[in-house]
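> Return a 3D structure for these sequence lines:
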Amino acid sequence: METKILIALITSGASIVVAIFSLINNYLNNKKIMQANRDLENLKFDIEKKRSKFQLYDENFKKSFQVLGEFIKTIQIFKDFLLTVTKSIKDSLDSELVLDNLRKIRENTFKYYEDNSHYLEKESREAAHTSKNEMLVFENKLIELLKDREYVNLSDPEKGIIEKARIRVTDFQEILRDQRVKALVTDQ
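Predicted coordinates for the structure are as follows:
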């Protein structure tokens, strides 16, 4: 009987050892699974964080690109206005109407700059700022030129002053165009 008991004890002992190894193995596997789940959650979080940053960058890029385009367009409207004034037929444009239109263009530009300049990079912001200020300087100059005139009737030297203003804002428009192209190239 001792042999049977001894065999039973050995079998029981072996079963206990196997159970302990199984328990340790299950514990280690569960620990690895839990770590893998944590790593997976961290990876998901990092991906979501990067996606959010990219989305924010993309929205800012689009807004900056749009603002650059609007400033370029505004400068073009101003330049076209100057061209209309310099190429007008003698006594064909009412001075008050011309000054009123120029004031509206300048006010819209100032308002747009105030509302959107923070979307621009430094160089673009400086070019937009200077061009809007040039509009104000020119508006004051045109007020002086048209003082006491019912209609626009400019001499060649006065037209030269306007042409210089047009060339000056064209330089800033080109800076903004270059910045817009640069933004497209560096974004990709």
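> Where does Ile5 fall, secondary structure wise?
Following DSSP states H and E, one finds Ile5 within helix 2-86.
> For that helix, the averaged confidence score.
Helix 2-86 shows a mean pLDDT of 84.
> Which helix or strand lies directly C-terminal to that helix?
Toward the C-terminus, helix 2-86 is succeeded by helix 95-116 as the next helix or strand (DSSP H and E).
> which residues sit against that following helix?
63, 67, 70-71, 74, 77-78, 81, 85, 128-129, 131-132, 135-136, 138-139, 142-143, 146, 149-152 (CB atoms under 8 Å, 6 or more residues apart in numbering). (Glycine included, C-beta is placed from N, CA and C.)
> List buried members of these by neighbour count.
Buried members of those, scored by 16 or more other CB atoms under 10 Å, are 67, 70-71, 74, 78, 81, 85, 128, 131-132, 135, 138-139, 142, 146, 151-152.
> which phi and psi does Ile89 have?
phi -70, psi 140 (degrees, to the nearest 10).
> Excluding sequence neighbours, find me the nearest residue to the spatially most central residue of the chain.
Among the residues of the chain, the one closest to the centroid is Ser64, at 2.8 Å (CA atoms, centre = their mean). Counting by CB to CB, 6 or more residues apart in numbering, Ser64 lies nearest to Tyr119, which is 4.6 Å off, once chain neighbours are set aside.
> Tell me how many other residues surround the one you found.
Using other CB atoms under 10 Å, Tyr119 has 17 neighbouring residues.
> Enumerate every residue touching it.
Counting by CB under 8 Å, 6+ apart, Tyr119 has contacts 60, 63-64, 67.
> what separates it from Leu146, distance-wise?
For Tyr119, the distance to Leu146 equals 35 Å [CB to CB, to the nearest Å].
> Next up, the contacts around the residue nearest to the centre of the chain.
Contacts of Ser64 by CB under 8 Å, 6+ apart are 119-121, 124, 183.
> got a markdown table for those residues, with secondary structure, distance to Asp94 and pLDDT too?
Below are the contacts of Ser64 laid out as a markdown table (DSSP: H, G, I helix; E, B strand; the rest coil; distance: CB to CB, whole Å; pLDDT from 0 to 100):
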| residue | secondary structure | distance to Asp94 | pLDDT |
| --- | --- | --- | --- |
| Tyr119 | helix | 37 | 87 |
| Leu120 | coil | 36 | 86 |
| Glu121 | coil | 41 | 86 |
| Ser124 | helix | 36 | 87 |
| Ala183 | helix | 41 | 77 |
